[in-house]
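Student: Structure of the sequence below:
(one chain, ligands or ions: 1)
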Amino acid sequence: MRADSFSTIDPDPFRQAVRQFVREKLPSDLRKTIARGQQPTPPQLMAWHERLAADGILVPHWPAGWGGRGWTVAQQLIFDEEMALGGAPELNSITFDMIGPVLMRFGSAAQQQRFLPAIASGKQWWCQGYSEPNAGSDLAALLTRAERDGDHYVLEGSKIWTSYAQYADWIFVLARTSRAGRPQEGISFFLVDMKTPGITVRPITGIHGWSVFCEVFFDKVRVPVQQLVGQENQGWTIAKSLLEFERLKLARIAENKRRMARVREIAVSRTRGGCRVADMPWFRARFADLVSRLMALEAHAGRFVARQAAGEQLGPEVSMLKMRGSRLIQLWEELMVDALGPEAMPLSPQWLAGLPDAPAQDDLAGTASSRRFLARGYTIAGGTSEIQHNIIAKQVLAL
Ligand SMILES: Cc1cc2nc3c(=O)[nH]c(=O)nc-3n(C[C@H](O)[C@H](O)[C@H](O)COP(=O)(O)OP(=O)(O)OC[C@H]3O[C@@H](n4cnc5c(N)ncnc54)[C@H](O)[C@@H]3O)c2cc1C
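Tutor: Residues are numbered from 1 along each chain as shown. Here you go, the predicted model:
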């Protein structure tokens, strides 16, 4: 198929083009990994990124000058949905939705030239060094220090919950460069090569058996001044802007639809006591409830998309999308486990530990429990549900 099939903005042909692309181009090994609900390996993901880049659709929401296509939010949402339903992995949002757009807005010309083409080619992986052991929701409490020493800054401190840091080429780091004024005023934003001497990455294995995040330690790490983004002590503004770039994606409609399709697949293929799970009243009631929630979420997100397309600035009410979308993923994963019943029990300690010699299972049953535990993080990462509630209470409802 031709890459310019994506140039239409008519939603139906556009959807068809994405569907055809994923059907034809998704490598079979990656398709199988995702169909089993397993974590793709870095080489599988990098090969997929490069495939998408070759067809010009790895960063389609970026401007054309930087390798994008300037797609609208509506197009992006259709793209994400068809990718998910076609069995493709979720793309690395930190690299493509966060640091890329940040560099476009705040990076120097030299930083843009150095990093944006590499990211758009699919060959560079980034991670996000914000959270620390005592600075998560209260991010401004962060303690990692950066002290100027000639034409370098010297980083000292540690980060935690850094997603996929063990695979990343680069990390963007928030570090304290001043103690004067409010805590937010003394923070700077750095780009750090993960190969720099003094960086230690320690993966954390979760209850699900996967190492999806890490601790990252900085021991006198020397970072050239050219890798400071924006001005010293102005990092907070940049840090806060990150989420703006992907606010509408936070509803995670595509990932919810992927879960809905998976639950349906299991429910129609399993029987208990001679009855298909899909025909059991308890299952039907819960499935219908979740489908209704998903439809409501989609309609709600659609209203935001329309407002944004009309040039309106979206306010703090977007927090609702993150809260609802992340909780709904958890509910799908819970329903999946209940639909599978005893089959959802991990097959072996090796499987639970994510070891390579764990027996492979041909469908989603082998990973259902792990994925249920993994989904627990959705209402925490990117701002907890309690914090979203606070935002809505204070800034939307003026309580
Ligand atoms: C899967 C996953 C991936 C992540 N990836 C990254 C990453 O790549 N990079 C990164 O920097 N960080 C990452 N994080 C960290 C994430 O941003 C933090 O976990 C999150 O901001 C919460 O911070 P905390 O863990 O320190 O919890 P805390 O802020 O200590 O919160 C603990 C509990 O107290 C509640 N709470 C805190 N403050 C308030 C308040 N004011 N009002 C009401 N309740 C409150 C919280 O909701 C929570 O329930 C990730 C987390 C997860 C789960």
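
Student: can you list the residues of the stretch 101-250 of the chain near the ligand?
Tutor: Proximity of the stretch 101-250 of the chain to the ligand is confined to 127-131, 136-137, 161-163, 212-213 under the rule CB under 6 Å from any ligand atom. Using the backbone N, CA and C atoms, a C-beta is placed for each residue, glycine as well.

Student: nearest to the ligand, of the residues you listed?
Tutor: Each of those was checked against the ligand using CB to the nearest ligand atom; the closest is Gly136, at 1.9 Å.

Student: which among the residues of the stretch 101-250 of the chain next to the ligand end up buried?
Tutor: Using 16 or more other CB atoms under 10 Å as the burial test, those include 127-131, 136, 161-163, 212-213 as buried.

Student: Go through those residues and name the one nearest Gln388.
Tutor: If you rank these by distance to Gln388 using CB to CB, Gly136 comes first, at 13.9 Å.

Student: State the distance from the closest one to Thr205.
Tutor: 20 Å (CB to CB, to the nearest Å).

Student: Where is the longest helix in the chain?
Tutor: Longest helix of the chain, by residue count under DSSP state H: helix 281-309.

Student: How far off centre is that one?
Tutor: Averaging C-alpha positions (CA atoms, centre = their mean, to the nearest Å) puts helix 281-309 20 Å from its chain's average.

Student: same check, this time on stretch 302-322
Tutor: Offset of stretch 302-322 from its chain centre (CA atoms, centre = their mean): 19 Å.

Student: Can you give me the end-to-end span of that stretch?
Tutor: Chord length of stretch 302-322, first to last residue, is 14 Å (CA to CA, to the nearest Å).

Student: and it, does that touch the ligand?
Tutor: No - against the ligand, stretch 302-322 shows no contacts by CB under 6 Å from any ligand atom, the least distance being 12.0 Å.

Student: now what about that stretch, what contacts it?
Tutor: 72-74, 77, 247-248, 250-251, 297, 300-301, 382-383, 388, 391-392, 395-396 (CB atoms under 8 Å, 6 or more residues apart in numbering).

Student: In stretch 6-15, which residues are buried?
Tutor: Buried residues in stretch 6-15 (16+ other CB under 10 Å): 6, 14-15.

Student: make that stretch 88-108, sorry
Tutor: Per 16+ other CB under 10 Å, stretch 88-108 contains these buried residues: 88-89, 91-92, 94-104, 106-107.
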